[in-house]
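Visitor: Model the following, please.
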Amino acid sequence: MYYLADYLQDHCYNVYVVHSQNAEYYGNYGNTIRFHSIPVGSPNMPISSENNLESEGEKNESYLKKKMIGSAKHIFYKSNIISLEKGIFNEPNCGMGVAGYRFIRNAREQILNTISEKGIKNIIISGPPFSLFCLVQQIKKRFPEVNIIMDYRDPWNTPHLSYPISKHIEQNALKHADKVVFLNERMLLDASSKFNLSKEKCEVVLNGYSKQNWDKVLKNAKNRGTVSGQTYSDRMIIGYIGGISFDNRGYRNISSFLDAYDIFQENKNVLLRFVGAETSQKIEDIKNHFPGTLEVLPPVDTQTSLQYMLECDVLFLIHTDTKTSRYVLTGKFFDYIRSGKVIFGVAGSDNTYFLELIRKHHLGIGCLSQSTHILDSLELLYKKWEDGTLEELRNDKGLDLDSLSRNAQNSRYLELLGDLEPTYSMELVT
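Guide: Modelled structure (predicted):
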């Protein structure tokens, strides 16, 4: 939410951001914070301190025994909460629902006091964590005149991802919200149909790309060398930029792709480059299996990641989880679009949202995450590269790139806030 808060502050809104306190990462991507920051608690606090779990009698026991008993109780308590979390909160990641609930508990009074003391008129609550949406009714009960916007950056209880308790929580929050912002059109259509939301209440704001960052990179691209210091004009470079795991689990299972690449790369001038992966023994084993044709690089800053995109011939995108694929549209996808490079999308389901957009706007090619399909696609890309016709796979002349910038997307918030409150006012973002 940093970019939205910064954008609104720059357009005459007085913005207060309530967020969890973290000494190592502030969520500002290395940029200057110009809005009012209100840190609350600590995201690394244990779910329950062992002191709260110990009885008075245990105080007389040995220090070691007290620690052991306290730790055992803490683990038992935590494991039971986590096991119930999915059914209650339905968050995308384990532990997120509990963290969000604890944040609400710690931040509620701070939020309510800020609304009262600063005369806040508009509030934006962004999820996930979706447990934060529990604040909607609480705020409305105390301040019925305040406008509340629910901002979805991921799907919650859509027709394809639903649990009874979390569905009830969501339905209640939507009833009290004044406006609802969705990550993309598919989410809007499914959620508005399921919860009977009026068209006037809903809006789509895409993640978008940073025009400022891209302008800097493109301006300097011709005046500097490659990030790695090496050029590979004699090799087709396929790049994946962003965090990824090689443990064959989660939303991005890379195993089928590597199986196909193992066959494909034999006797070819090709380099598969991953930028943004943390070091592990699994990664070292994979690198040793593909000497000379595969690179795995650690996380880099935003500017460097964009430069790496420009050095690729093809940008690779993958999402193999079929339950969430209908709505997948990450911020990285918009950077890929802005780069002008051919995009190669791999997904677990043909219904994956980014596959539809790749085909609709002629941004590249896409296929299912099956070794034979991936191999056929890699062969097509290589043949086009060898013939010097790779750019034929990307023909997006009718696509308005400027409209996909983050500022262009955030400008929709100005219209939305204008509908709610015609004069400039204070705003609270959580």
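
Visitor: Helices of the stretch 101-250 of the chain, start to end?
Guide: 135-142, 164-176, 185-195, 211-220 (DSSP state H, counting those that start in this stretch).

Visitor: can you list the ones you listed in a markdown table and add mean neighbour count and mean pLDDT?
Guide: For the C-beta atoms, the positions are set from N, CA and C on the backbone; glycine is no exception. Shown next, in a markdown table, are the helices of the stretch 101-250 of the chain (neighbours: other CB atoms under 10 Å; pLDDT from 0 to 100):
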| stretch | mean neighbour count | mean pLDDT |
| --- | --- | --- |
| helix 135-142 | 17 | 96 |
| helix 164-176 | 17 | 94 |
| helix 185-195 | 17 | 93 |
| helix 211-220 | 15 | 93 |
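
Visitor: okay, those helices in JSON lines with distance to residue 298 next?
Guide: As requested, the helices of the stretch 101-250 of the chain are arranged in JSON lines below (distance: least, CB to CB, whole Å):
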{"stretch": "helix 135-142", "distance to residue 298": "37"}
{"stretch": "helix 164-176", "distance to residue 298": "36"}
{"stretch": "helix 185-195", "distance to residue 298": "33"}
{"stretch": "helix 211-220", "distance to residue 298": "19"}
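
Visitor: if I pick the residue nearest to the spatial centre of the chain, what's in contact with it?
Guide: Geometric centre of the chain, nearest residue: residue 330, 5.9 Å, by CA atoms, centre = their mean. The contact partners of residue 330, taken as CB atoms under 8 Å, 6 or more residues apart in numbering, are 207, 242, 354.

Visitor: before we move on, back to that, who wins for proximity to residue 334 among the helices of the stretch 101-250 of the chain?
Guide: For residue 334, the closest of the helices of the stretch 101-250 of the chain is helix 211-220, at 10.0 Å, according to CB to CB.

Visitor: Which residue is the nearest non-sequential neighbour of residue 246?
Guide: Excluding its sequence neighbours, the residue lying closest to residue 246 (CB to CB, 6 or more residues apart in numbering) is residue 282, at 4.9 Å.

Visitor: What is the neighbour count of that neighbour?
Guide: 13 (other CB atoms under 10 Å).

Visitor: What of residue 350?
Guide: Residue 350 has 12 nearby residues by other CB under 10 Å.

Visitor: Nearest residue to it in space, ignoring adjacent ones along the chain?
Guide: Per CB to CB, 6+ apart, closest to residue 350 is residue 368, 6.3 Å.

Visitor: rewinding a little: got a winner among the contacts of residue 330 for most neighbours?
Guide: residue 354 (25 neighbours).

Visitor: Tell me if I'm right that it and residue 315 touch.
Guide: No: with contacts counted by CB atoms under 8 Å, residue 354 stays clear of residue 315, the gap being 11.7 Å.

Visitor: I'd like to know how far the residue nearest to residue 143 when sequence neighbours are not counted sits from residue 18.
Guide: Using CB to CB, 6+ apart and skipping residues adjacent in sequence, the residue nearest residue 143 is residue 115, 5.6 Å away. Residue 115 is 10 Å from residue 18, where distance means CB to CB, to the nearest Å.

Visitor: which of the two has more neighbours?
Guide: Under the criterion of other CB under 10 Å, the comparison of residue 115 against residue 18 puts residue 18 first, with 22 against 19.

Visitor: Surely the more buried one is within a strand?
Guide: Yes: counting by DSSP: H, G, I helix; E, B strand; the rest coil, residue 18 is part of a strand.

Visitor: going forward can the numbers begin at 38, since that is how I track them
Guide: All set: I'll call the first residue 38, so the last point we hit is now residue 55.

Visitor: Look up how far residue 216 lies from it.
Guide: 19 Å.

Visitor: and what of residue 430?
Guide: 39 Å.

Visitor: neighbours around residue 157, how many?
Guide: 21.

Visitor: Confirm for me that it is in contact with residue 184.
Guide: No: checked against CB under 8 Å, the pair residue 157 and residue 184 is beyond contact range at 9.5 Å.

Visitor: where in the protein is pLDDT low?
Guide: 59-67, 79-120, 196-197, 259-269, 459-467 (pLDDT under 70).

Visitor: Please, where are all the strands along it?
Guide: Along the chain, the segments classed as strands by DSSP state E run 51-57, 73-77, 159-164, 184-189, 216-219, 239-241, 273-278, 307-312, 331-334, 351-356, 379-384, 401-405, 463-466.

Visitor: Between those, which one is closest to residue 209.
Guide: Closest among the strands of the chain, once you apply CB to CB, is strand 184-189, at 11.4 Å.

Visitor: Name every strand pairing with that closest one and say which way it goes.
Guide: Strand pairing for strand 184-189, using DSSP bridges, gives strand 159-164 (parallel), strand 216-219 (parallel).

Visitor: just how off-centre is the last one within its chain?
Guide: Here strand 216-219 is found 17 Å from its chain centre; the criterion is CA atoms, centre = their mean, to the nearest Å.

Visitor: List of residues touching it?
Guide: So strand 216-219 is contacted by 184-189, 211, 225, 228, 234, 238-242, 450, 453, 456-457 (CB under 8 Å, 6+ apart).

Visitor: Need the CA coordinates for it. PDB is fine.
Guide: Written as PDB, here are the backbone C-alpha positions of strand 216-219 (Å, rounded to 0.1, in the frame of the first residue of the first chain):
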ATOM      1  CA  LYS A 216     -16.800   1.000  -1.600                       C
ATOM      2  CA  VAL A 217     -15.000  -2.200  -2.600                       C
ATOM      3  CA  VAL A 218     -11.900  -2.300  -4.800                       C
ATOM      4  CA  PHE A 219     -10.800  -5.500  -6.500                       C
END
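
Visitor: if we can go back for a sec, show me what the residue nearest to residue 387 is bridged to.
Guide: Applying DSSP bridges, one finds that residue 405 bridges with residue 384.

Visitor: okay but the residue nearest to residue 180 is in contact with residue 183, surely?
Guide: Yes: using CB under 8 Å, residue 152 is in contact with residue 183, at 6.4 Å.

Visitor: where do the contact lists of the two overlap?
Guide: Common contacts of residue 152 and residue 183 (CB under 8 Å, 6+ apart): 160, 176.

Visitor: This protein - how does it break down into domains?
Guide: 39-82+127-244+444-466, 248-440 (automatic domain parsing).
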